[in-house]
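# whatever this is, show me its structure:
(one chain, ligands or ions: 1)
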Amino acid sequence: MSETTPADRLPIELRTEALEQLLTERGLVDPSVMDKFIQTYETSVGPMNGAKVIAKAWTDPDYRERLLADGTAAIAELGFKGPQGEHIVVVENTPQRHNVIVCTLCSCYPWPVLGLPPSWYKDPAYRARVVREPRVVLAEMGLELPADTEIVVRDSSSEVRWLVLPEQPAGTEDLSEQELAGLVTRDAMVGVAKVKAP
Ligand code: FE
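A predicted model of the protein is given here:
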């Protein structure tokens with residue numbers, strides 16, 4: 001195969017399509033299985049699953065304890081499991097300590113609770129900079145943390161997928177579990193935002 005420069009490259013969609021076609025032709029993937037897989041991650045697996053986990057943890061202290069002790073098992077109690085969810089570790093954000101997630105190597109991410117990662121999560125700039133200057137990167141993303149809040153950057157890998165348990169916003173104590181789940185965002189569970197009261 002001849003060398004190509006980045007300028008010669010086709011858009012990612014075309015290259016992906018070519019790869020899919022090649023794999024299909026060689027009998028390495030079944031397109032119907034692939035379609036099902038894509039549909040699953042587009043419609044039924046996503047941050048709404050993680051939001052249910054967080055809302056339950058906010059309203060059920062025993063569940064919260066189980067979630068922090070063994071994330072994978074507690075998340076599976078709600079029926080969420082599968083690829084990239086085998087070793088989920090849940091870390092709690094508090095006013096003293098703020099956790100933010102990255103995968104410095106590639107794009108490891110807890111699929112069963114957050115779905116597929118957003119493009120900024122896979123961006124080399126985010127992956128490199130959030131480790132070096134997390135406070136600056138978070139501020140750029142709209143999250144200004146007090147100077148006395150410690151920031152802990154959690155590096156995901158094939159061994160560990162992190163999930164942030166965000167702080168429950170003040171004034172939401174009387175909301176139902178379902179209402180609370182509606183407030184929890186993907187970004188809050190990655191640690192690049194806080195959950196806001198309605
Ligand atoms: Fe990775």
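# confidence score at residue 2?
In this model, residue 2 is scored at 48, pLDDT.
# likewise residue 141?
Note on residue 141: pLDDT of 97.
# who touches it in this structure?
187, 192-193 (CB atoms under 8 Å, 6 or more residues apart in numbering). The way it works is simple: take the backbone N, C-alpha and C, and place the C-beta from them, glycine included.
# can I get the residues you listed in a markdown table with pLDDT and secondary structure?
Shown next, in a markdown table, are the contacts of residue 141 (pLDDT from 0 to 100; DSSP: H, G, I helix; E, B strand; the rest coil):
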| residue | pLDDT | secondary structure |
| --- | --- | --- |
| 187 | 97 | helix |
| 192 | 98 | coil |
| 193 | 98 | coil |
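# any idea which of those is closest to residue 85?
Within those, the smallest distance to residue 85 is 19.3 Å, found for residue 187 (CB to CB).
# I'd say residue 84 and residue 161 touch.
Yes - using CB atoms under 8 Å, residue 84 makes contact with residue 161 at a distance of 6.2 Å.
# what parts of this protein come near the ion?
With CB under 5 Å from the ion as the criterion, the chain comes near the ion at residues 103, 105-106, 108.
# farthest pair in the residues you listed?
Farthest pair in the residues of the chain next to the ion, by CB to CB: 105 and 108, 7.3 Å.
# what sits in contact with each of these two?
residue 157.
# compare the two (neighbour count), which wins?
Between residue 105 and residue 108, counting by other CB atoms under 10 Å, residue 108 is the more crowded of the two (21 against 11).
# so what pLDDT did residue 41 get?
76.
# from what I can see it touches residue 111, true?
Yes - counting by CB under 8 Å, residue 41 touches residue 111, with 7.3 Å between them.
# neighbour count winner among those two?
Shown here are residue 41 and residue 111; by other CB under 10 Å, residue 111 has more neighbours (22 against 14).
# next one: that one from the ion, what distance?
Noted for residue 111: a distance of 12 Å to the ion, by CB to the ion, to the nearest Å.
# perfect, that will be all.
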